[in-house]
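>>> Predicted coordinates and the sequence they were generated for:
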Amino acid sequence: MSGTSADGIDLALVDFSNDKPKLLASFHQAYPQDIHNKITALYNPDTNEIERAFSVDIELAHLFAQAVNTFLQQQQLTAKDINAIGNHGQTIRHRPQQTHAFTLQIGCCQTLACLTNIKVIGQFRQKDIALGGQGAPLVPAFHQIVFSDAKHDAVVVNIGGVANISFLPATDNKNPMIGYDTGPGNALMDDWFALNQGEHGSKKRYDENGNWGAAGQVNATLLALFLADPYFKMSAPKSTGREYFHINWLAHHLALTKIKALNLNPADVQATLGALTAISIANEIKKLSCTAKIYLCGGGTHNTNLKNQLNQQLTNYEILLTNHKGIDADSVEAMAFAWLAFAYNKKIFSNSPAVTGAGKKTTLGCAFHP
Ligand SMILES: Nc1ncnc2c1ncn2[C@@H]1O[C@H](COP(=O)(O)OP(=O)(O)OP(=O)(O)O)[C@@H](O)[C@H]1O
Ligand SMILES: [Mg+2]
């Protein structure tokens with residue numbers, strides 16, 4: 001798994017021999033700055049894209065393979081011990097709304113299979129898009145298996161670059177599962193943080209614990225403008241990506257005369273971006289259930305300021321980390337793509353038409369052999 005934050009590679013070693021998938025071990029390899037820059041430079045149209053994208057496609061496959069091989073060594077395993085790698089890859093463009101809808105993940109599956117000597121299942125989003133779906137989010141089917149409960153509603157909130165929720169109604173009630181991207185997760189905060197190194201002095205690629213944002217004031221005018229974006233008003237199925245919630249999206253708002261006149265401090269903008277993520281998630285949860293247990297996962301769970309803002313918005317809810325259900329909050333996404341590979345091998349339906357809007361149930365992914 002390499003998410004839209006382009007922060008690094010997440011691996012999960014998962015055992016599917018019992019009823020419930022079991023996370024055996026996990027591994028994270030952060031991207032060096034130049035790789036991060038090469039990926040994020042592909043989020044929006046620019047010159048020489050084909051050449052750059054297909055070169056990064058192979059470069060990432062090499063990095064994924066190195067990570068897998070190191071992880072296997074650490075776990076004292078060999079390629080023979082692994083049934084398959086589920087490779088999400090790296091999304092560089094996601095355009096599910098347009099006439100010729102498409103989604104593009106790089107990190108070449110064929111190269112990864114040859115370099116690891118393990119069968120790779122990848123390109124999971126394509127078939128859902130081909131069937132008229134959003135191709136995203138794909139994780140709710142997995143969330144349902146591991147987080148749903150007979151007696152109470154549950155909402156899984158993944159705060160990655162983009163944030164997505166899965167609403168898992170109490171299984172006794174037989175209501176359908178719902179899932180969609182709520183909007184930005186960490187992405188805009190990461191972008192703004194990187195642009196303002198001179199202000200906060202940190203060389204990190206993210207606002208650690210949300211400390212810089214916590215020092216600013218949420219600005220109500222800017223927040224209202226952010227929340228007026230049409231994406232937040234669209235009904236599901238819907239999904240979004242970094243080509244939309246991009247630094248240009250923020251720059252556009254900050255350039256408005258009304259906002260310029262406020263003379264905002266950069267930390268206030270960061271605080272307001274944190275509020276945008278928290279409120280856009282909370283608004284959707286409130287629409288879905290007033291009693292659900294909330295399970296948080298993704299890198300945003302390390303942002304204390306963001307978690308505080310979510311708590312303030314959702315005072316009547318029980319908010320837990322997915323760790324409470326035995327799955328480390330940083331490994332849920334990677335584990336979900338391992339499950340998608342497992343589902344491919346077992347020919348299990350793995351898309352959720354109710355979530356993505358696809359025309360029918362199907363098994364997602366393609367196999368690439370060493
Ligand atoms: N200590 C921390 N303090 C604040 N933010 C953090 C911290 N650790 C991680 N993050 C945030 O989490 C992000 C990475 O999260 P994650 O890997 O879940 O996102 P992702 O790669 O975009 O995944 P996806 O889009 O698939 O959900 C970082 O870019 C950063 O914004
Ligand atoms: Mg990540």
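Good, I have the coordinates. Ligands and ions are numbered 1, 2, ... in the order given.
>>> Could I get the full set of helices for the stretch 51-200 of the chain?
109-116, 125-130, 140-147, 187-195, 197-200 (DSSP state H, counting those that start in this stretch).
>>> mind checking which of those is nearest Ile279?
Proximity to Ile279 (CB to CB) singles out helix 187-195 among these, at 13.3 Å. All C-beta atoms are positioned from the backbone trio N, CA, C, and that covers glycine.
>>> near ligand 2, anything from the closest one?
No. Helix 187-195 stays clear of ligand 2 (CB under 5 Å from the ion), getting no nearer than 10.7 Å.
>>> May I see the buried residues of that helix?
Within helix 187-195, the residues that count as buried by 16 or more other CB atoms under 10 Å are 187-194.
>>> Also within reach of ligand 1: list those from the residues you listed.
Asp190 (CB under 6 Å from any ligand atom).
>>> returning to what we had before: turn the helices of the stretch 51-200 of the chain into a markdown table, columns for mean pLDDT and distance to Ala6.
As requested, these are exported to a markdown table (pLDDT from 0 to 100; distance: least, CB to CB, whole Å):
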| stretch | mean pLDDT | distance to Ala6 |
| --- | --- | --- |
| helix 109-116 | 98 | 18 |
| helix 125-130 | 98 | 17 |
| helix 140-147 | 96 | 22 |
| helix 187-195 | 97 | 9 |
| helix 197-200 | 96 | 17 |
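>>> So for Asp7, which of those helices sits nearest?
Minimum separation from Asp7 across the helices of the stretch 51-200 of the chain (CB to CB) falls at helix 187-195, 8.1 Å.
>>> ok, the one residue in the stretch 51-200 of the chain that gets nearest to ligand 2 - how many residues close by?
Relative to ligand 2, the nearest point of the stretch 51-200 of the chain is Gly160 (6.1 Å; CB to the ion). The local packing of Gly160 (other CB atoms under 10 Å) involves 22 other residues.
>>> wait, isn't it in contact with Leu296?
No. Between Gly160 and Leu296 no contact is recorded; they are 11.5 Å apart, counting by CB atoms under 8 Å.
>>> Pull the contacting residues for whatever residue of the stretch 251-370 of the chain ends up closest to ligand 2.
Closest to ligand 2 within the stretch 251-370 of the chain is Gly299: 5.9 Å, counting by CB to the ion. Each residue near Gly299 by CB atoms under 8 Å, 6 or more residues apart in numbering is listed here: 3, 5, 7, 159-160, 186, 206, 330.
>>> rerun at 10 Å
Contact analysis of Gly299 by CB atoms under 10 Å, 6 or more residues apart in numbering lists 3, 5, 7-8, 10, 28, 158-161, 185-186, 190, 206, 329-330, 333.
>>> Can you check the pLDDT for the closest residue to Gly300 other than its chain neighbours?
Computed as CB to CB, 6 or more residues apart in numbering, the closest residue to Gly300 that is not its neighbour in sequence is Ile159, at 2.6 Å. Listed pLDDT for Ile159 reads 98.
>>> Looking at strand pairing, list the partners for Ile159.
Judged by DSSP bridges, the bridge partners of Ile159 are Ala163.
>>> and whatever residue of the chain ends up closest to ligand 2, how many residues sit next to it?
Closest to ligand 2 within the chain is Gly3: 3.6 Å, counting by CB to the ion. Burial of Gly3 is recorded as 24 neighbouring residues (other CB under 10 Å).
>>> In this structure it contacts Ala136, no?
No. Assessed by CB atoms under 10 Å, Gly3 is found out of contact with Ala136, at 12.0 Å.
>>> shared neighbours of the two, anything?
Shared contacts of Gly3 and Ala136, defined by CB under 10 Å, 6+ apart, are found at 91, 162.
>>> wait, the residue of the stretch 51-200 of the chain closest to ligand 2 sits on Thr4?
Yes. Gly160 lies in contact with Thr4 (CB under 10 Å); the separation is 6.1 Å.
>>> domain assignment for this protein?
Following automatic domain parsing, one finds the domains of the chain at 8-135+349-368, 140-325.
>>> how long is the longest one end to end?
End-to-end distance of domain 140-325: 16 Å, with CA to CA, to the nearest Å as the criterion.
>>> try stretch 211-220
Separation of the first and last residues of stretch 211-220 by CA to CA is 20 Å.
>>> Now do Val269: how many residues are near it, please.
Applying other CB under 10 Å, we find 25 residues neighbouring Val269.
>>> Correction: the previous question concerned His100.
His100: 5 surrounding residues under other CB under 10 Å.
>>> Check the gap between it and ligand 1 for me.
Distance of His100 to ligand 1, given as CB to the nearest ligand atom, to the nearest Å: 24 Å.
>>> Next: Asn83.
Asn83 sits 23 Å away from ligand 1, going by CB to the nearest ligand atom.
>>> ok, and the closest non-adjacent residue to that residue?
Asn345 (6.3 Å).
>>> what about the closest residue to His200 other than its chain neighbours, helix or strand, and which?
Take His200 and drop its neighbours on the chain: the residue closest to it by CB to CB, 6+ apart is Trp212, 4.6 Å away. According to DSSP states H and E, Trp212 maps onto helix 211-215.
>>> Pull out the buried positions in that helix.
Residues of helix 211-215 classed as buried by neighbour count (16+ other CB under 10 Å): 212-214.
>>> Can you give the contact residues for that helix?
Helix 211-215 is contacted from outside by 189, 192-193, 196, 199-202, 204, 206-207, 265-275, 303-306, 308-309, using CB under 10 Å, 6+ apart.
>>> returning to what we had before: and the buried residues of helix 211-215, which is closest to Ile279?
Gly213 (13.8 Å).
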